[in-house]
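I'd like to go over a predicted model; first the sequence, then the structure.
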Amino acid sequence: MDYLCMTKASAIMKKIELELLDLSNRVTQSQSYAVILEEVTGGRKLLIVIGTPEAQSIAVAMEGVTPSRPLTHDLMKGLCDQFDIMIEEVIISALLENVFHAKLICRKNGELFEIDSRSSDAIALAVRFECPIYTTEKIMEEAGIAPDFIAGQPSDERSEPQASPEKEGTSDLERFSIKKLQVLLETAINDEDYEGAARIRDEIERRSK
């Protein structure tokens, strides 16, 4: 039995599987990190900004490190194990006011149930339970980053116009959402295009005022 049958909304939801690609600290917000998830088939990426504690928890699990005392997500994993609760999958289920929301799909005594979760907590638990992470096509259309967008090549994606950060002036950057600008900033820094990164950073700061 698939959990999509549990509710009417879930029943029509098309799931897209993601893999945890990277964890980066090069984002605009102070003391923030970015989880980079990649579509298993298709190559689109989803970037989710998270806080430092959650980033540390995800990094510890990814590296297979056992802390001297359990972190919060280790404690949750231990409680689930003790009470025979299995997290079978995680789904990044909604994007509301630029905030990602998630659900934990759990099984106990053969029955499935959903638990609402922050996306950062859901990912930290997914790494510990070694369960798949999914999202929806709607979210990928709204916030997904196409491979050719990241590479700075032209694209016929239906979303915002695609561009290379080093070729864009400030007026051109106005076409992009904050999330797209953050990815462009990340790309510019990785490419050591600091002039382009400065323009993108200035555009982000201008909108935040």
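Cool, the structure landed. Numbers count the residues shown, from 1 in each chain.

for the spatially closest residue to Lys45 that is not a sequence neighbour, give me its contacts.
Leaving aside its chain neighbours, Lys45 sits nearest to Ile145 (4.6 Å; criterion: C-beta to C-beta, 6 or more residues apart in numbering). (Each C-beta comes from the backbone N, C-alpha and C, glycine too.) Shown in contact with Ile145 (C-beta atoms under 8 Å, 6 or more residues apart in numbering): 44-47, 180, 183.

dump the residue contacts of the spatially most central residue of the chain.
Closest to where the C-alpha atoms of the chain average out (C-alpha atoms, centre = their mean) is Ile48, at 3.5 Å. Ile48 makes contact with 34-35, 37, 92, 100, 119-120, 123, according to C-beta under 8 Å, 6+ apart.

A helix includes it, no?
No. Looking at Ile48 with DSSP: H, G, I helix; E, B strand; the rest coil, it is strand, so not inside a helix.

how much space between it and Ser117?
Ile48 sits at a distance of 13 Å from Ser117 (criterion: C-beta to C-beta, to the nearest Å).

if we can go back for a sec, please tell me which one of the contacts of Ile48 counts the most neighbours.
Within these, Ile123 tops the neighbour count with 29 neighbours, counted by other C-beta atoms under 10 Å.

wait, that residue touches Val35, no?
Yes. Counting by C-beta atoms under 8 Å, Val35 is a contact partner of Ile123 at 5.8 Å.

need the overlap of contacts for these two.
Contacts common to Ile123 and Val35, judged by C-beta under 8 Å, 6+ apart, are 20, 48, 50, 58.

partners of the second one in the sheet?
In this case it means Ile48. Val35 (DSSP bridges).

show me what secondary structure element comes after the worst-scoring helix or strand of the chain on mean pLDDT.
Taking mean pLDDT, DSSP states H and E as the measure, helix 8-11 is the helix or strand of the chain with the lowest mean score, a mean of 42. Using DSSP states H and E, the helix or strand that follows helix 8-11 in sequence is strand 15-24.

buried stuff in that next one?
Across strand 15-24, burial judged by 16 or more other C-beta atoms under 10 Å covers 15-16, 18, 20, 23-24.

what helices or strands is that strand leaning on?
Strand 15-24 makes packing contacts with strand 32-39, helix 52-62, helix 119-129, strand 133-136 when contacts are defined by 3 or more C-beta pairs under 8 Å, 6 or more residues apart in numbering; DSSP states H and E.
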